[in-house]
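In: Everything below, folded, please.
(one chain, ligands or ions: 2)
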Amino acid sequence: MVVILKPGTSQNDVRRMTAYFEAKNFKVGVTVGVDCTILGLVGDTTSLDIHKLQQFDVVERVARISEPYKKANRKFHPDDTVVDVSGVPVGGGNFTVMAGPCSIESGEQITEIARDVQQSGAGILRGGAFKPRTSPYSFQGMGIPGLNLMLEAKAETGLPIVTELVSPKYCEIFNDKVDLVQIGARNMQNFELLKEAGKMSKPILLKRGLCATVEEWLMSAEYIMSEGNENVILCERGIRTTETYTRNTLDVSAIPVVKRMSHLPVVVDPSHSGGYTYLVEPLSMAAIAAGADGLIIEVHNDPVHAKCDGQQSLTPAQFDSLMKKAGKLVDLVGKTIVK
Ligand code: PEP
Ligand code: MN
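Out: Ligands and ions are numbered 1, 2, ... in the order given. You can find the predicted model right below:
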């Protein structure tokens, strides 16, 4: 971090500021320029509040040189992290596909879809038991009974499950029953939930917030990791832009950007990014080409009558066709689809 002092700062004030930082255990390099003096701080500056420092009369500006996230930072962990989801790897040279309905609606529905997506090559079953909906009058999910139906589909197929956690009050039951715990876009900055997720022993799928920058997203991963849970998978699911022809805008650039900044695996959700069935395949192909480590895709056996997000769901046949095409591209980029 560098602290630029105002022109004309007296030597006494320079000494006072230097002593202030030295008392906090930083090494301070002082550079006296023609117009101003710059203090270069060496040490872990993550806990320093830039805005607070700017309140000193003599401080002109403060700039960070290193990123505020440490555990998620590739600088301190150069190798790709491979997250183990109950035996299914995510990251490294693996390409992992998670598929299933937006929400669990019945035992037959989730088990039938689980069998279909498994046959087409999915490695993890998705499905929402708790649905964070924009309207309180929309279907909110089946809750714990839905989760139990998903466990029956898991018992039938052996597929690990990913489902969304919306409240700390379900941490214990999720820790017990869920293989991969999803934190949804709307909760990306629910810091209390993130801290509790950080105490869980199950891996976390952290979706990017609707308007979050890459750095805010990585800081949310840092919240989870700083509590001890370093098994975090990031999920790009589209961000809000001015465009209205798509539900969100898939930020394809975020994939290589995040992979450069962080060692954590990045998967892409083309269903919520595009918002329409016809967009799922092209966005999936774009994600693979840009370096994603996997996909999470909504698949429904009867999309027209789905209780949630039918307009963006693939039928099992459409999913099968996508998997065949995606498989070729995954080969081409040198990754292996894990089942
Ligand atoms: C979901 O995956 O069902 C979901 C609600 O996604 P998001 O949090 O990305 O909107
Ligand atoms: Mn959905």
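
In: Residue numbers of this structure in contact with ligand 1?
Out: Residues of the chain found near ligand 1 (Cβ under 6 Å from any ligand atom) are 102, 128, 184, 185, 186, 207, 237, 269, 272. Glycine gets a C-beta too; all of them are placed from N, C-alpha and C.

In: Quick check: which element contains the last one?
Out: Assignment of secondary structure by DSSP states H and E places residue 272 within helix 270-274.

In: before we move on, the earlier item: mark which of the residues of the chain next to ligand 1 are buried, thanks.
Out: The neighbour count (16 or more other Cβ atoms under 10 Å) marks 102, 128, 184, 185, 207, 237, 269, 272 as buried among these.

In: returning to that earlier point: which other residues reach the helix holding residue 272?
Out: 102, 185, 236-238, 246-250, 279-281, 283-284, 287, 295-298, 309, 312-314 (Cβ atoms under 8 Å, 6 or more residues apart in numbering).

In: Okay, and which of those map to strands?
Out: Mapping the contacts of helix 270-274 onto strands (DSSP state E) picks out 236, 295, 296, 297, 298.

In: quick one: pLDDT of the first one?
Out: So that's residue 236. The predicted structure scores residue 236 at 99 on the pLDDT scale.

In: Show me what it is bridged to.
Out: Per DSSP bridges, the residues bridged to residue 236 are residue 268.

In: do the fourth one as well
Out: Under DSSP bridges, the beta-bridge partners of residue 297 are residue 99.

In: Leaving out chain neighbours, which residue sits closest to residue 312?
Out: Leaving aside its sequence neighbours, residue 312 sits nearest to residue 271 (Cβ to Cβ, 6 or more residues apart in numbering; 4.7 Å).

In: Quick one: neighbours of that neighbour, just the number.
Out: By the criterion of other Cβ atoms under 10 Å, residue 271 has 29 neighbours.

In: cool, and residue 275?
Out: Neighbours of residue 275 (other Cβ under 10 Å): 17.

In: Who are the contact partners of it?
Out: Residue 275 neighbours (Cβ under 8 Å, 6+ apart): 238, 246, 247, 248, 311, 312.

In: wait, the third one sits on residue 276?
Out: It refers to residue 247. Yes - at 7.4 Å, residue 247 and residue 276 qualify as touching, with contact defined as Cβ atoms under 8 Å.

In: Overlap in contacts, these two.
Out: Residues touching both residue 247 and residue 276 by Cβ under 8 Å, 6+ apart: residue 312.

In: how about the strands in the stretch 1-150 of the chain?
Out: Taking DSSP state E, counting those that start in this stretch to define them, one finds strands in the stretch 1-150 of the chain at 2-5, 27-32, 37-42, 59-63, 83-85, 88-90, 94-100, 124-126.

In: would you turn the ones you listed into TSV with mean pLDDT?
Out: Formatted as TSV, the strands of the stretch 1-150 of the chain follow (pLDDT from 0 to 100):
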stretch	mean pLDDT
strand 2-5	96
strand 27-32	94
strand 37-42	95
strand 59-63	96
strand 83-85	98
strand 88-90	98
strand 94-100	98
strand 124-126	98
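
In: of all those, which lies closest to ligand 2?
Out: Smallest distance to ligand 2 across the strands of the stretch 1-150 of the chain (Cβ to the ion): 9.2 Å, for strand 124-126.

In: What strands line up against the closest one, and which way round?
Out: strand 94-100 (parallel), strand 161-164 (parallel).

In: can you tell me if the shortest one touches ligand 2.
Out: No - contact between strand 161-164 and ligand 2 is absent, the nearest approach being 9.5 Å (criterion: Cβ under 5 Å from the ion).

In: got it, and stretch 121-133?
Out: No - with Cβ under 5 Å from the ion as the criterion, ligand 2 is not reached by stretch 121-133; the gap is at least 6.7 Å.

In: Give me the buried stretch members for that stretch, please.
Out: In stretch 121-133, counting by 16+ other Cβ under 10 Å, buried: 121, 122, 123, 124, 125, 126, 127, 128, 129, 130, 131.

In: what residues are up against the closest residue to residue 226 other than its chain neighbours?
Out: Counting by Cβ to Cβ, 6+ apart, residue 226 lies nearest to residue 71, which is 6.2 Å off, once chain neighbours are set aside. Going by Cβ under 8 Å, 6+ apart, residue 71 touches 77, 221, 222, 225, 226, 230.

In: Let's see that with 10 Å instead.
Out: For residue 71, the contacting residues are 77, 218, 221-226, 228, 230, 232, 262-264, by Cβ atoms under 10 Å, 6 or more residues apart in numbering.

In: before we move on, what about residue 35?
Out: Shown in contact with residue 35 (Cβ under 10 Å, 6+ apart): 4, 6, 7, 8, 60.

In: so how far is residue 11 from it?
Out: 15 Å (Cβ to Cβ, to the nearest Å).

In: backbone phi and psi for the residue nearest to residue 81 when sequence neighbours are not counted, please?
Out: Counting by Cβ to Cβ, 6+ apart, residue 81 lies nearest to residue 263, which is 4.8 Å off, once chain neighbours are set aside. Per-residue torsions, residue 263: phi -90, psi 0 (degrees, to the nearest 10).
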